[in-house]
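Novice: Sequence first, predicted coordinates after that:
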Amino acid sequence: MKKIKFLALFLSAALVFGSCGTSNTVKGGAIGAGSGAALGAIIGGIAGKGKGALIGAAIGTAVGGTAGALIGRKMDKNAAEAAKIEGANVEKITDANGLSAVKVTFESGILFGFNSSTLSASSKSSLSEFAGILKADPTLDIAIIGHTDKVGTYEANQTVSTKRAQAVKNYLQSCGVSSSQFKSVEGVGYSQYNEAQSAEQNRRVEIYMYASEQMIKNAEAGR
């Protein structure tokens, strides 16, 4: 089902910023202005279950409120476009700089067969659509994380999760996505296995879209 999932904790955090249904445009401005940066980092950590959640390298300087709002607007648009793709579940999160980012989860039942890293025809179709979003804005940085169920050894699952992440990256690149946009491509085996979900739901690939340093510079310049 195509949908955007808003984290419950994120909605609670929105109350701190003044309204419960705050868009990334507004939220990005609040975080960029410094009032919610620490909280944003906490939300990001929970959204991604730790490792791989706080994606991106912190730029080391505060991002202005106007720039944060501009980046938030871009991410709102990217999230809406990604949510139209069959088999993609979308969450709006924050990156290592406290700025708006987007997490897209492709379930393995859609992308791969059991214990396989070979992309199906239907998953290639979905990823081709997703590649269009990434190509439309080369200032988007990308991180890809592969996951598995708990069948078999940890080493075997680590291997297959890495191959799945690489398969997604390779296919996106074959669709014209610039290699420079991929900042992290890794598998985490079942180290982030969610006991509250089924094995099939745990066999997934996550793609994070977040602001590159160039996007931040552009936003600071009002673009």
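Specialist: Received the coordinates, thanks.

Novice: So what's the residue count around residue 218?
Specialist: Neighbours of residue 218 under the rule other Cβ atoms under 10 Å: 17. Bear in mind the C-beta positions are built from the backbone N, C-alpha and C, glycine included.

Novice: Show me what the longest helix anywhere in the chain is packed up against.
Specialist: Criterion DSSP state H: the longest helix present in the chain is helix 154-174. On a contact count with 3 or more Cβ pairs under 8 Å, 6 or more residues apart in numbering; DSSP states H and E, helix 154-174 meets helix 108-111, helix 121-136, strand 140-146, strand 182-187, strand 204-211.

Novice: Rebuild the ones you listed as a markdown table, extending it with mean pLDDT.
Specialist: Converted to a markdown table, those look like this (pLDDT from 0 to 100):
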| stretch | mean pLDDT |
| --- | --- |
| helix 108-111 | 73 |
| helix 121-136 | 93 |
| strand 140-146 | 94 |
| strand 182-187 | 92 |
| strand 204-211 | 91 |
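
Novice: circling back: show me what the longest helix of the chain is in contact with.
Specialist: By Cβ atoms under 8 Å, 6 or more residues apart in numbering, the residues outside helix 154-174 that reach it are 106, 108, 111-112, 115-119, 124, 127, 130-131, 134, 142, 144-151, 179, 182, 185-190, 205, 207.

Novice: Could I get the buried residue list for that helix?
Specialist: Within helix 154-174, the residues that count as buried by 16 or more other Cβ atoms under 10 Å are 157-169, 171-172.

Novice: of all those residues, which comes closest to residue 221?
Specialist: Proximity of the buried residues of helix 154-174 to residue 221 (Cβ to Cβ) peaks at residue 172, which lies at 28.3 Å.

Novice: Quick check: the closest one vs residue 63, distance?
Specialist: Applying Cβ to Cβ, to the nearest Å, the value for residue 172 to residue 63 is 27 Å.

Novice: can you check residue 205 too?
Specialist: From residue 205 to residue 63 the distance is 29 Å (Cβ to Cβ).

Novice: do the same with residue 164
Specialist: Where residue 63 is concerned, residue 164 sits at a distance of 33 Å (Cβ to Cβ).

Novice: for residue 110, same thing?
Specialist: 35 Å.

Novice: which one of those two has more residues nearby?
Specialist: More crowded of residue 110 and residue 63, by other Cβ under 10 Å: residue 63, with 24 against 18.
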